[in-house]
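1. using only what follows, build the 3D model:
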Amino acid sequence: MSHNHSHQRSQTNLLVSIFLNIGITLAQVIGGIISGSLALLSDALHNFTDVVSLIISYVASKYSKKSATSNKTFGYKRAEIIAAFVNSASLIIIAIILIKESILRFLNPQAIDSTLVIWLSVVAIIGNGFSVLLLLKDRKSNMNIASAYLHLLTDMLASVAVLVGGLLMKYYEVYWLDSLLTAAIAVYLIFVGFELFKNSFKVLMLFTPSTIEIDDIVARINKLSTVKNMHHVHIWQLNEDEVHLEAEIDFDKDITLSEFDKILVQIEDILFSEFGINHINIQPEFNKTDNKNIIVQD
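-> Numbering: from 1, shown residues only. Got it, this is the predicted structure:
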């Protein structure tokens, strides 16, 4: 399947997941108010963030393919990274709020209509489980889809926890378990959200991808014929598909433009095949008096 078809499929799956989660959220809010279950309301709140995150992911997915213009030379290629950053940050914020509320409820436990909690958690498990399956295939190749997938997966697991808690409350009347489950859900949200938050933050800050060692690249390119010194190197990840490199290269003789083109083809092949860098911009130099350090702060 082509990349465009895969992208279209993921957009359709996101749209289906949005409508599923709108229905789940409305049902859980009403059920949480009627039953008095904080765990159910917290699950509904998380589901609401799912709806928001899925909408963000869907809009970002649509915008990411818009063409570049003279004032947007990269187009909207970073839209999905921004979506992943916002979604992961929202997971952490919601989790902190849930922990606070669970402590307050633990100190003041209340009787809960556990039957309603059980049935609504089953509905949420089925709906979120289906959404998780829809996004399962594309989550590994797209950070934006991964953020939406994590929202849905954690909410499905949260619903499973709420179901278990509802059953225990129904048959053993341990209502404090509602608060404990809420806190456990929140801690898990922080755990899964932080890694995605960190990765998207690194991309937005133009950090060098963790899989790439600049010293190894410089040493490899410096071995090429006529190359004297590779310096002033910048490497960053633009989005899921593009890793960019720009650098200056000193040559040991005053080569012609056609000779440079031949060497450039070699460099491009090495950087792509050995280091996964697919966008390269090289500035050739000869006897230029500038800073020859590998890393130069512009």
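2. tell me the spacing between residue 177 and residue 114.
-> Distance of residue 177 to residue 114, computed by C-beta to C-beta, to the nearest Å: 10 Å. No exception for glycine: its C-beta is placed from N, CA and C like everyone else's.
3. who touches both of these two?
-> By C-beta atoms under 8 Å, 6 or more residues apart in numbering, residue 177 and residue 114 have these common neighbours: residue 169.
4. so for the helix or strand hosting residue 215, mean pLDDT?
-> Using DSSP states H and E, residue 215 sits within helix 214-222. Averaging pLDDT along helix 214-222 yields 96.
5. which residues are contacting it?
-> Counting by C-beta under 8 Å, 6+ apart, 208, 227-231, 233, 235, 245, 249, 267, 270-271, 274-275, 277, 294-295 sit against helix 214-222.
6. and if we set it to 10 Å?
-> Residues outside helix 214-222 that contact it (C-beta atoms under 10 Å, 6 or more residues apart in numbering) are 208, 213, 227-231, 233-235, 245, 247, 249-250, 263, 266-267, 270-271, 274-275, 277, 282, 294-295.
7. among those residues, which ones are buried?
-> Among the contacts of helix 214-222, those buried by neighbour count (16 or more other C-beta atoms under 10 Å) are 208, 227-231, 233, 235, 245, 247, 249-250, 263, 267, 270-271, 275, 277, 282.
8. centre of the chain to the helix of greatest length in the chain, how far?
-> If you go by DSSP state H, the chain has its longest helix at helix 3-35. Between the centre of helix 3-35 and the centre of its chain there are 18 Å (C-alpha atoms, centre = their mean, to the nearest Å).
9. now do it, average pLDDT.
-> Averaging pLDDT along helix 3-35 yields 78.
10. name the residues of it that are buried.
-> If you call a residue buried by 16+ other C-beta under 10 Å, then helix 3-35 has these buried ones: 7, 10-11, 13-14, 17-18, 20-22, 24-25, 27-29, 31-32, 35.
11. one more: stretch 281-288?
-> Of the residues in stretch 281-288, 282, 284, 285 count as buried by neighbour count, 16+ other C-beta under 10 Å.
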